[in-house]
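Asks: return a 3D structure for these sequence lines:
(one chain, ligands or ions: 1)
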Amino acid sequence: MTTVGFIGLGIMGGPMARNLLKAGFGVTGYNRSSGPVEALAAQGGRPASSVAEAVRGATVVITMLPDSPDVEAVALGEAGIFANAAPGTLFIDMSTIRPDVAAHLAEHGAGSGLRVLDAPVSGGEQGAIDATLSIMVGGSADDFDAARAVLDAVGKTIVHVGPAGAGQTVKAANQLIVAGTIELVAEAIVFLRAHGVDTRAAVKVLAGGLAGNAILDRKAASMLAGKFEPGFRIDLHHKDLGIVTAAAREAGVAIPLGAAVAQLMGAMHAQGHGSLDHSALLLLVEQLSGVHQGDTA
Ligand code: NAD
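Replies: Now for the predicted structure:
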């Protein structure tokens, strides 16, 4: 049986680790706080109390952590993955981090005899629960093939997009599109309400035409209800738009709408709304328009 060491059992990592168990993999789980580790153990996983313990005996190690410094902290150093995993271990980082950090980790991992892939995901908490994530993978073709069975257990659309770091570059583009789409859906909702239109009827017909998109399908109902439990936290999307704007600048390309949305997401973060779902951009559009849901719903 392949044993997977899984580090980072949060909103995404928790259900992904459970789906690996369901698919018949052994899973040893570690998380900074102990609650998620206990939850995994109750479902048949093996609890670990350190990174070193999580990677011991594992042939595959997955990380699903918030940000670049978190992945670097867990991968590097004496207590980290690279120092403790057996040579030949496949290390798959599925967090969303900076492409240059992913490329650096791949280089560093190879120096420690590990095979490294960056494999960020899209599809949200529901995609993680349903094992239907889109997974964009950077690294060598051989390592991608070796990871396939594990990735199949957590995702549905799994594509090798290029060398180390390429998965994170594609994920950055994903986050640009998602943030921009949320902002436009939020603006449409405020616009429709201001005209006294039945927003639920409007969303239904919009979703069937050229304006149809996954935000309308999956987030509009909770946005209309004013419910913003995460989901995907504003703080994480703020982090991702920082990655997008820096990578665009590095490549010398202009992303004017993306830059504007990055500012709006940053404003939500600055106003203390970082733990709300990213669809709470609606609150900012309402604020800019001087309306509240209660006024117009
Ligand atoms: P989360 O904050 O819910 O989970 C992160 C987990 O990592 C937490 O349980 C935290 O305790 C743990 N952790 C943090 N530092 C640690 C450390 N040093 N050692 C061990 N555990 C540590 O975040 P999430 O929503 O699950 O997102 C994880 C990653 O996936 C992020 O990079 C995010 O951008 C990306 N992502 C999230 C979603 C989503 O919808 N939530 C979708 C796609 C991608």
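
Asks: all the helices of the stretch 1-150 of the chain, residue numbers only.
Replies: 13-22, 35-42, 51-55, 68-75, 81-84, 99-111, 124-130, 141-152 (DSSP state H, counting those that start in this stretch).

Asks: please identify which of those is closest to residue 239.
Replies: helix 68-75 (8.6 Å; Cβ to Cβ). For glycine as for every other residue, the C-beta is placed from the backbone atoms N, C-alpha and C.

Asks: and the closest one, what does it pack onto?
Replies: Packing contacts for helix 68-75, counted by 3 or more Cβ pairs under 8 Å, 6 or more residues apart in numbering; DSSP states H and E, involve strand 60-63, helix 81-84, strand 90-93, helix 99-111.

Asks: in TSV: those, plus mean neighbour count, mean pLDDT and distance to residue 150.
Replies: Listed next are the helices and strands packed on helix 68-75 as TSV, based on neighbours: other Cβ atoms under 10 Å; pLDDT from 0 to 100; distance: least, Cβ to Cβ, whole Å:
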stretch	mean neighbour count	mean pLDDT	distance to residue 150
strand 60-63	26	98	5
helix 81-84	22	97	16
strand 90-93	26	98	7
helix 99-111	19	97	17
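
Asks: what about the residue of the stretch 1-150 of the chain found nearest the ligand, how many neighbours?
Replies: Closest approach between the stretch 1-150 of the chain and the ligand, counting by Cβ to the nearest ligand atom: residue 10, at 1.8 Å. Number of residues near residue 10 (other Cβ atoms under 10 Å) recorded here: 19.

Asks: check contacts around it.
Replies: Applying Cβ atoms under 8 Å, 6 or more residues apart in numbering, we find residue 10 in contact with 31, 36, 64, 66.

Asks: could you list which of the residues you listed also contact the ligand?
Replies: 31, 36, 64, 66 (Cβ under 6 Å from any ligand atom).

Asks: hmm, the third one is touching residue 6, no?
Replies: Yes: between residue 64 and residue 6 there is a contact under Cβ atoms under 8 Å: 7.3 Å.

Asks: related to what we said a few turns ago, and the residue of the stretch 1-150 of the chain closest to the ligand, how far from residue 223?
Replies: Applying Cβ to Cβ, to the nearest Å, the value for residue 10 to residue 223 is 23 Å.

Asks: who in the protein is up against the ligand?
Replies: With Cβ under 6 Å from any ligand atom as the criterion, the chain meets the ligand at residues 7-13, 30-33, 36, 64-66, 70, 73-74, 95-96, 121-122, 124-125, 231-232, 236.

Asks: who touches residue 63 in this structure?
Replies: 7, 8, 71, 74, 75, 81, 91, 92, 93, 94, 95.

Asks: phi and psi next, for residue 165.
Replies: Per-residue torsions, residue 165: phi 100, psi -20 (degrees, to the nearest 10).

Asks: show me what contacts the closest residue in space to it that isn't next to it in sequence?
Replies: In space, and not counting its chain neighbours, residue 165 is closest to residue 103: 3.6 Å by Cβ to Cβ, 6 or more residues apart in numbering. Counting by Cβ under 8 Å, 6+ apart, residue 103 touches 163, 164, 165.

Asks: distance of the second one from residue 22?
Replies: When distances are taken as Cβ to Cβ, residue 164 and residue 22 turn out to be 30 Å apart.

Asks: between the two, which one's more packed in?
Replies: Set residue 164 next to residue 22 and count neighbours by other Cβ under 10 Å: residue 164 wins out with 22 against 13.

Asks: what's the local residue count around the residue lying closest to residue 73 once chain neighbours are set aside?
Replies: In this structure, residue 73 finds its nearest non-sequential neighbour in residue 80, 7.5 Å apart by Cβ to Cβ, 6+ apart. When neighbours are counted by other Cβ under 10 Å, residue 80 registers 17.

Asks: residue 80 reaches residue 70, doesn't it?
Replies: No: assessed by Cβ under 8 Å, residue 80 is found out of contact with residue 70, at 11.6 Å.

Asks: shaky segments in this protein?
Replies: 294-297 (pLDDT under 70).

Asks: max-length strand in it?
Replies: Counting residues, the longest strand in the chain under DSSP state E turns out to be strand 155-162.

Asks: pull out the buried residues from that one.
Replies: 155, 158, 160, 161 (16 or more other Cβ atoms under 10 Å).

Asks: ok, stretch 198-217 next?
Replies: 199, 202, 203, 206, 213, 215, 216.
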